[in-house]
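>>> Here's my sequence, what's the structure:
(chains A and B)
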There are 2 protein chains.
Amino acid sequence: MRQSQLLATTLREAPAEAETANHQLLLRAGYIRQLAAGIYTYLPLGRRVLRKIEQIVHEEMGAAGAQEILMPAMQPAELWKESERYEVYGKELIKLQDRHDREFVLGPTHEEVITSLVRGEINSYRRLPLTVFQIQTKFRDERRPRSGLLRGREFLMKDAYSFDTSWDGLDESYVRMYNAYQRIFERCGLLYRAVHADSGAIGGEGGSHEFMALSEIGEDTIGVCSVCDYAANLELAEVRSPEGEQEVRTIRGDQPAAEKFHTPDIRTIEQLEQELHIQPEEIIKTLIYEANGQFYAVLVRGDHEVNEHKVTKMIGASNISLADYQAVQHAAGVESGYVGPVGLSLTVLVDSAVAAMESGIAGAGEKDYHLRGVVPGRDFSLKHVGDLRNVLEGEACPNCGQGVLHFHQGIEIGHVFKLGTKYSEKLGATYLNDSGKSAPMIMGCYGIGISRLLAAVAEQNHDEQGLIWPQALAPYNVHILLMSTKDKEQTAVAERLYAQLTSLGIDTLYDDRDERAGVKFKDSGLIGIPVAIIVGKDAAAQSVEYMDRKASTKEVLDITEAVMRIAGTLK
Amino acid sequence: MRQSQLLATTLREAPAEAETANHQLLLRAGYIRQLAAGIYTYLPLGRRVLRKIEQIVHEEMGAAGAQEILMPAMQPAELWKESERYEVYGKELIKLQDRHDREFVLGPTHEEVITSLVRGEINSYRRLPLTVFQIQTKFRDERRPRSGLLRGREFLMKDAYSFDTSWDGLDESYVRMYNAYQRIFERCGLLYRAVHADSGAIGGEGGSHEFMALSEIGEDTIGVCSVCDYAANLELAEVRSPEGEQEVRTIRGDQPAAEKFHTPDIRTIEQLEQELHIQPEEIIKTLIYEANGQFYAVLVRGDHEVNEHKVTKMIGASNISLADYQAVQHAAGVESGYVGPVGLSLTVLVDSAVAAMESGIAGAGEKDYHLRGVVPGRDFSLKHVGDLRNVLEGEACPNCGQGVLHFHQGIEIGHVFKLGTKYSEKLGATYLNDSGKSAPMIMGCYGIGISRLLAAVAEQNHDEQGLIWPQALAPYNVHILLMSTKDKEQTAVAERLYAQLTSLGIDTLYDDRDERAGVKFKDSGLIGIPVAIIVGKDAAAQSVEYMDRKASTKEVLDITEAVMRIAGTLK
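Numbering: from 1, shown residues only, chains lettered A, B, ... in the order given. Below you'll find the model as predicted:
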């Protein structure tokens, strides 16, 4: 492609709202343009990268035995009512009506459509297992679209769905997809981790893994073991109990009764720590949550954070929320800051680390007072004890116990779920098993954010000059930079090189523009094609410079040598 | 692909609403399934055909120098207000609001988005010409979705847009796309015609051509010359004036005055013909149209039909409508059936064939009366004469004059338009020309209905058994039919053949199902893969049957011979 004809304008500056490197650089280098908040056009360079990702995903899905289909974006609202997600999904679900006032949604995901399709197509165990996939545009009305392609409102996804007759079968389908995901992300040159994850709004009874591209700008925190291959989303990472913490302590008879002391205007852990010189580990923090219209007290140590996901699970609720100031007053009979477990008439959920304390300091349940010498099991019930907190960086790995957990930020680029029978039961996707009985199909679902993956790769591969694509995803393999279009010899060499590379089937971008060398270098650095061939003053001697974008190295090569080098690296 | 695993259920009968062959067969053979009216899921077989079409389009667009981009489906309503199409487009435009009540439309086409994109990217003549394309899902809320993929509400399109600095440049871009379209439709094995066409709602000042797949079920009538390559949509096909008709007749002085005669309850051409034995060619038919809030009388011969497109053009209106009963009464002062040109106080538009009549019979402008001996030019004005009627089948070709026009029905599968500056002016897509002056870009736009093309090919290629795909689009190149899965020798031969063909990169569907031979033949006939290899009783002798789906021929071949034959036909 001649760059003089390419629809790709580079920008000196990115718009102010672009805060992350991938967003800034994809805009500046002319890969994407915003049409509306969270809605983007892919310019030719961006479209080419997208196609390369699609191709890799397509190949690996095929190799894993998944069959490609294509489902509609417009989905009848009734299907979402059948699955009971029409209301649950909230404002992120884009709704519309057709000319006859029939309700539709724009699909953010396709569990409903695929389940209703398969229920109509398959009725016997002999036609299972089945895995299908599609690469398709999805819609989600994000409250705050941000970071360019990372969190958009219209985006490209690969979604796949598996149907099995047994949980063992689902496990096999799941592993096949899991392995395919690993190959896809490796081929895309991503630094990533597969982590244990929560199933969220998709739901389902089985397990789930998230594939996380490691990046400082990631919104998720993941804990990764320094020794074994354990990795989990922070909300799922278990706390490994140190010796003794596991079991509830036997209460010693010789401990003094809890003692009230005056703490006017001292409400927070920080205040207790600074003004009374108390260590956070000595404090029992009491938080009030609301779930299913009921209030609960959750106790964690002063240096720990409540993990709401774990609390939700212990309660058995679908979601919980932290009580606001007024609700605390109402539920605990005292303003927040002085709430404590002693004498509290709510169900008290105790984190294991609190249960293991000999005694601690807690709110007194009375304004301006705290209690010291509060003994778990004596002064409040230990009926509900469990892992209710976030793990801390540096704690022991819950899996091997040998390593410690390191924290990373991650961008979710893929997610695999064992759905089980959640959708097949609601939508009636049953089959006749080998003894002629009807049973619901056991499902899995598997997503990759294609456009988000593009952004994640860009985020992981850039420097101060611009993007640096891995060859597998680069919009072009080689960038020829003709230094002076006025120089006949240089032009002739560049043209010959362009023709030669193109005829070898190598995707080549040829900067034939009538621009200064500085402009060309700058644009080339921004666009980030892995190899640049500079045709400059050495052209007369049939030599060019071979530049490796990532290593930032330059080497003078004979033209033929340069071509062979390129062909060699692409093999 | 093993058919036992393929998600493709064949149906004995198509749903009653499927009236056309392509719709019935694509459903019955398991290529598509309806999700809602005009909204379809592509099953694996359908998706494969779609991919093959996409690939051909992609290659030919690239070869024609078009750059691929991808624009969003969700488009801000403001853009459509800027182009003044928001209201004009009517109920076919799907509208929605996001969570912040901002208005969007789901794009049925992308002139607005591409024009606003290019106005931001390009400001100099040095970066033009430019042609971009995308393959993308479009939405149009058809009042009556029908015929499966032929007229859907969510469908796949290839749309391309060109930007030039001159009309000559646009002509070149247009021809390049026109030629690419020819190659695309030829590669898809379509029987088609490119015809002169109207620009319709897309608008624009230049010409336009439709590419029509010939088919009895097509909704458009096209006239095709028996000798030269002239072809035009009926609404655009010109009438070649026979000698003398061209010029307005000189009025002879010796003709008697028009004479009124009593015609109670005789209002139509048919009644005049049957009850008074008058030939339709002797009658002057007067129709009242409304345009721009004004009424017009249009005169055509009794055996001719008014061509509203030609009338619209002569008036210079954006659209016209036939006056209803009351409006006729109001405008012509008499009920319809007795309206005539004599003494009429409206502007009278006269078709050339009427102007060429010596005299004729017309309504008298008075209830229950007609006039005979009405002389054009004497009894009514010939100020506005022109071609205002539909051409008739068998009339002379307006281009060569040698051949006659034959009529065909066609399915519109592609459309190329010279838009000119319609959108660039409204949306401000200007550039600086070589003398530094600002000028609007001159645009063209070019569409192919990808999913409609699939349906058109299916419509043109089927017999009573089912579909018959051309190799270029077939979901698989070869269909192996294993007659008896219980027979070890047959199974071994079929498995070996399947492995061999697959390893040669030949797309093979292998019917390994435990089904009766009859079922397999029936399904194979429905699915329509061009070549079937039947592994049956001759397997023991290392022979198979080679069946050509289209020719319906069978031939016993040695296995190696069969493989070589297949590889040969695919080259």
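>>> centroid residue for chain A?
When Cα atoms, centre = their mean is applied to chain A, the residue found nearest the centroid is A:Glu412 (1.4 Å).
>>> Now do the domain split for chain A, please.
A:49-238+A:407-458, A:259-386, A:478-570 (automatic domain parsing).
>>> Need the winner for burial among those domains.
domain A:49-238+A:407-458 (a mean of 20; mean count of other Cβ atoms under 10 Å in any protein chain shown). No exception for glycine: its C-beta is placed from N, CA and C like everyone else's.
>>> and it, anywhere near chain B?
Yes - counting by Cβ under 8 Å from any Cβ of the partner chain, chain B is contacted by domain A:49-238+A:407-458 at A:50-51, A:65, A:67-76, A:91, A:94-96, A:98-99, A:102, A:104, A:106, A:113, A:117-118, A:120-122, A:126-127, A:130, A:132, A:134, A:137, A:139, A:141, A:143, A:153-154.
>>> now, which of those lie within helices?
A:50-51, A:113, A:117-118, A:120-121 (DSSP state H).
>>> Surely A:His462 and A:Gln24 touch.
No - with contact defined as Cβ atoms under 8 Å, A:His462 does not reach A:Gln24; the gap is 9.2 Å.
>>> From the chain's centroid, how far away is stretch A:540-560?
Relative to the centre of its chain, stretch A:540-560 is centred 39 Å away, using Cα atoms, centre = their mean, to the nearest Å.
>>> Now do it: distance from first to last residue.
From its first residue to its last, stretch A:540-560 covers 14 Å (Cα to Cα, to the nearest Å).
>>> How about stretch A:89-106?
For stretch A:89-106, the end-to-end distance is 12 Å (Cα to Cα).
>>> Point out where the stretch 151-300 of chain A drops to low pLDDT.
For the stretch 151-300 of chain A, applying pLDDT under 70 flags the ranges A:198-206, A:242-251.
>>> what are the bridge partners for whichever residue of it sits closest to chain B, then?
Residue nearest to chain B within the stretch 151-300 of chain A: A:Glu154 (5.0 Å; Cβ to the nearest Cβ). When bridges are taken as DSSP bridges, the partners of A:Glu154 come out as A:Phe139.
>>> Report the contact partners of it.
A:38-40, A:137-139, B:72-74 (Cβ atoms under 8 Å, 6 or more residues apart in numbering or on different chains).
>>> and those as a markdown table, adding pLDDT and distance to B:Gly394?
Below are the contacts of A:Glu154 laid out as a markdown table (pLDDT from 0 to 100; distance: Cβ to Cβ, whole Å):
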| residue | pLDDT | distance to B:Gly394 |
| --- | --- | --- |
| A:Gly38 | 96 | 59 |
| A:Ile39 | 97 | 54 |
| A:Tyr40 | 98 | 55 |
| A:Thr137 | 98 | 49 |
| A:Lys138 | 98 | 54 |
| A:Phe139 | 98 | 53 |
| B:Pro72 | 98 | 49 |
| B:Ala73 | 98 | 46 |
| B:Met74 | 98 | 50 |
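>>> Can you show me the strands along the stretch 351-500 of chain A?
Assigned by DSSP state E, counting those that start in this stretch, the stretch 351-500 of chain A shows strands spanning A:360-363, A:369-374, A:384-386, A:405-420, A:430-432, A:438-440, A:442-449, A:478-482.
>>> and A:Leu190, which of those strands is closest to it?
Taking Cβ to Cβ, strand A:405-420 is the member of the strands of the stretch 351-500 of chain A nearest to A:Leu190, at 7.1 Å.
>>> Quick check: which helices or strands does the closest one pack against?
Applying 3 or more Cβ pairs under 8 Å, 6 or more residues apart in numbering or on different chains; DSSP states H and E, we find strand A:405-420 packed against helix A:167-187, strand A:192-196, strand A:208-214, strand A:220-225, strand A:442-449, helix A:450-460.
>>> what about A:Gly107, distance to chain B?
To chain B, A:Gly107 is 10 Å away according to Cβ to the nearest Cβ, to the nearest Å.
>>> Quick check: closest non-adjacent residue to that residue.
A:Gln75 (4.9 Å; Cβ to Cβ, 6 or more residues apart in numbering or on different chains).
>>> Quickly list what the one you found is bridged to.
Taking DSSP bridges, one obtains A:Val105 as the residues bridged to A:Gln75.
>>> Distance check, it against A:Thr165.
Distance of A:Gln75 to A:Thr165, computed by Cβ to Cβ, to the nearest Å: 27 Å.
>>> Okay, and the residue lying closest to A:Ser381 once chain neighbours are set aside sits in which element?
In space, and not counting its chain neighbours, A:Ser381 is closest to A:Val348: 5.8 Å by Cβ to Cβ, 6+ apart. Using DSSP states H and E, A:Val348 maps to strand A:347-351.
>>> show me where pLDDT drops low in the stretch 451-571 of chain A?
For the stretch 451-571 of chain A (pLDDT under 70), the answer is none.
>>> show me where it has helices.
A:488-503, A:517-527, A:559-570 (DSSP state H, counting those that start in this stretch).
>>> need these in TSV with distance to chain B, can you?
Output for the helices of the stretch 451-571 of chain A, formatted as TSV (distance: least, Cβ to the nearest Cβ, whole Å):
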stretch	distance to chain B
helix A:488-503	12
helix A:517-527	14
helix A:559-570	20
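>>> Enumerate every residue touching the residue in the stretch 401-550 of chain A positioned nearest to chain B.
In the stretch 401-550 of chain A, the residue that lies nearest chain B is A:Asp514 (8.0 Å; Cβ to the nearest Cβ). Listed by Cβ under 8 Å, 6+ apart, the contact partners of A:Asp514 are A:4, A:485.
>>> Next, work out how far apart it and A:Lys520 are.
Distance of A:Asp514 to A:Lys520, computed by Cβ to Cβ: 10 Å.
>>> Same check on A:Lys158?
36 Å.
>>> A:Lys310 too?
Taken as Cβ to Cβ, the span from A:Lys310 to A:Lys520 is 56 Å.
>>> What of A:Val328?
For A:Val328, the distance to A:Lys520 (Cβ to Cβ) stands at 64 Å.
>>> Test my guess that A:Gly169 contacts A:Ile442.
Yes - counting by Cβ under 8 Å, A:Gly169 does reach A:Ile442; the two are 6.8 Å apart.
>>> just to revisit the earlier point, now the strands of the stretch 351-500 of chain A as TSV including distance to B:Thr502?
Formatted as TSV, those follow (distance: least, Cβ to Cβ, whole Å):
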stretch	distance to B:Thr502
strand A:360-363	69
strand A:369-374	72
strand A:384-386	54
strand A:405-420	28
strand A:430-432	29
strand A:438-440	34
strand A:442-449	25
strand A:478-482	34
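>>> between these, which one is nearest to B:His408?
Counting by Cβ to Cβ, B:His408 lies closest to strand A:442-449 out of the strands of the stretch 351-500 of chain A; the figure is 46.6 Å.
>>> partners of that closest one in the sheet?
strand A:154-164 (antiparallel), strand A:405-420 (antiparallel).
>>> Of all these, which one is nearest B:Arg452?
With distances scored as Cβ to Cβ, the stretch of the strands paired with strand A:442-449 nearest to B:Arg452 is strand A:154-164 (23.2 Å).
>>> between the closest one and helix A:450-460, how many degrees?
110 degrees (axes from the mean of the first three to the mean of the last three Cα atoms, to 10 degrees).
>>> now strand A:154-164, how far from the centre of its chain.
The answer for strand A:154-164 is 15 Å, by Cα atoms, centre = their mean.
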